[in-house]
Structures are given as C-alpha cells and as structure tokens.
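Undergrad: Fold the stuff below for me.
(one chain, ligands or ions: 2)
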Amino acid sequence: MTTHALQDTSFTRPDQELINRLAKLPAANIGDAVDRLGVADSAIQAVWPGAKIAGPAFTVWTRPGDNQGIHEALKLAQPGDVIVVAGGGDESRALLGELIGERAINLGIAGFALDGAARDAEALGEIGMPVFARAVTPAGPYKNGPHRLGGPIAFGGVPVLPGDIIIGDSDGIVVIPSEQATAVAEAAEAVFADETNRRASIIAARGQ
Ligand SMILES: O=C([O-])CC(=O)C(=O)O
Ligand SMILES: [Mg+2]
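TA: Ligands and ions are numbered 1, 2, ... in the order given. Presented below is the predicted three-dimensional model:
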C-alpha cells in the first residue's frame with residue numbers, strides 16, 4: 001500500500017556556480033553570515049572524518065527509523081542534490097548505509113543529511129559518500145513508510161525548503177534559504193576574509 005500523499009518534488013535549484021562559491025567557505029563563516037541562525041542541531045555531524053556536503057536540499061519526511069522514503073527519493077532526486085531527511089531525531093535505527101551510498105554514487109547525489117542515524121560509516125568513507133547523521137548504529141531500518149517527499153521539513157531545529165542550500169563540514173550543517181543565497185555568499189566571503197586577516201595578525205605577533 002502506498003501511504004504517502006504529497007509527492008510534488010519539483011523545485012528550482014540554485015546555480016551550481018553559487019553552490020561552488022558557498023562550498024569553498026567554512027560552515028562556521030556561513031553561520032556567522034546568517035546572524036548565527038540556520039545552524040542545524042550540533043548533534044548532527046559527519047559520520048566519517050573529512051566528509052563535506054554542498055548542494056540543494058531534496059527534502060524527505062519519514063516515520064522515525066524507516067527508510068522507504070529514502071529509496072523513493074533516490075528515484076526522483078537529481079545529480080548534485082543533498083537528500084535531507086527529517087527522521088524525528090531517531091537514533092535507534094540506521095536510515096542508510098553503504099548500499100544506499102553506492103546507489104547514490106551511481107546517481108551523482110552530493111550526500112545525505114539525516115535527522116536520524118546511519119550505519120556502515122567506515123564503508124561510506126571508503127566510497128566517499130558524504131553522510132551527516134545524529135548517530136551511528138548497526139541496527140537496520142524499517143521499510144514500510146509512511147513518508148513524504150518534497151515540501152517543508154524541520155531538520156535539526158531548522159526549517160528547510162526544497163532547493164535551500166545545505167553546507168556541511170567538520171563543524172556540522174548550516175542551511176541557507178535559497179532566496180538569500182547570493183547575499184549570504186557575499187557576507188560569508190567577507191567574514192572569511194576578515195578572519196583570515198585576523199588570524200594572520202595573531203600568527204605574526206607570535207614570539208615577538
Ligand atoms: O539496510 C538498509 O536499508 C540500510 C543499509 O545498511 C544500507 O543501505 O547499506
Ligand atoms: Mg548496509
């Protein structure tokens with residue numbers, strides 16, 4: 001039985017050039033540029049060291065611990081998308097692992113941001129599929145739904161609309177509303193330049 005109702009998954013994706021610009025910046029600088037808002041719950045972190053994501057959000061809401069919606073999302077998401085899953089913050093069941101990771105690589109998916117758990121963390125690192133999650137557990141998911149694709153979700157306490165830009169690095173995840181993305185890129189570049197200069201002065205003063 002199909003248990004989902006809303007399936008309008010069309011949305012406008014921001015320019016790849018703008019995403020590339022934001023991807024070069026630390027999430028911390030972007031967070032500062034959006035008045036320190038838009039930062040997802042700090043418990044949601046990369047499941048392997050060095051994982052980074054940058055791309056437009058393809059949103060999924062799922063029953064906690066159930067990954068039917070992720071399987072469906074893989075049929076509709078486009079290359080470069082970040083699949084962002086509102087999973088109720090559940091830490092007891094992994095929503096994905098290396099098999100979904102391998103499929104995502106075939107499809108050109110940029111990565112996954114899960115308000116839930118993942119597994120097969122080491123294998124995900126080996127294949128280079130970026131996954132951010134609230135927890136890692138060997139426990140597997142249910143696959144029965146219900147789920148919903150598209151539309152607004154709450155992700156780690158932050159509202160996410162399809163097409164918002166998700167940036168994740170070793171500090172965690174920030175969400176950039178799509179209509180603010182150009183202004184945020186400019187402001188975050190200014191923060192980055194300022195901090196680079198301040199850091200250079202601090203280093204120059206060392207040992208003087
Ligand atoms: O069993 C699942 O659906 C999750 C998983 O471990 C994988 O994708 O490798
Ligand atoms: Mg697995």
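
Undergrad: I'd like the next helix or strand past the helix or strand encompassing residue 85.
TA: Here residue 85 sits within strand 82-86, counting by DSSP states H and E. Counting by DSSP H and E, the next helix or strand C-terminal to strand 82-86 is helix 98-107.

Undergrad: Helix or strand next in line after that following helix, which one?
TA: strand 111-115.

Undergrad: wait, doesn't residue 58 sit right on residue 77?
TA: Yes. Contact criterion C-beta atoms under 8 Å: residue 58 and residue 77 qualify, at 4.3 Å. Every C-beta, even on glycine, is put in place using the N, C-alpha and C of the backbone.

Undergrad: Pick out whichever of those two has more residues nearby.
TA: residue 58 (27 against 24; other C-beta atoms under 10 Å).

Undergrad: A strand includes that one, no?
TA: Yes. Counting by DSSP: H, G, I helix; E, B strand; the rest coil, residue 58 is found in a strand.

Undergrad: For it, list the residues it contacts.
TA: The neighbours of residue 58, taking C-beta atoms under 8 Å, 6 or more residues apart in numbering as the test, are 9, 73, 76, 77, 78, 81, 82, 83, 84, 149, 162.

Undergrad: Just the buried ones from those residues?
TA: Neighbour-count burial (16 or more other C-beta atoms under 10 Å) is assigned, among the contacts of residue 58, to 9, 73, 77, 81, 82, 83, 84, 149, 162.

Undergrad: The first one against residue 162, yeah?
TA: Yes. At 7.3 Å, residue 9 and residue 162 qualify as touching, with contact defined as C-beta under 8 Å.

Undergrad: Which neighbours do the two have in common?
TA: 58, 150.

Undergrad: can you give me the strands in the chain?
TA: In the chain, the strands defined using DSSP state E lie at 45-46, 53-62, 82-86, 111-115, 117-118, 131-133, 135-136, 147-149, 153-155, 158-160, 165-169, 172-176.

Undergrad: For residue 171, the count of nearby residues, please.
TA: Number of residues near residue 171 (other C-beta under 10 Å) recorded here: 16.
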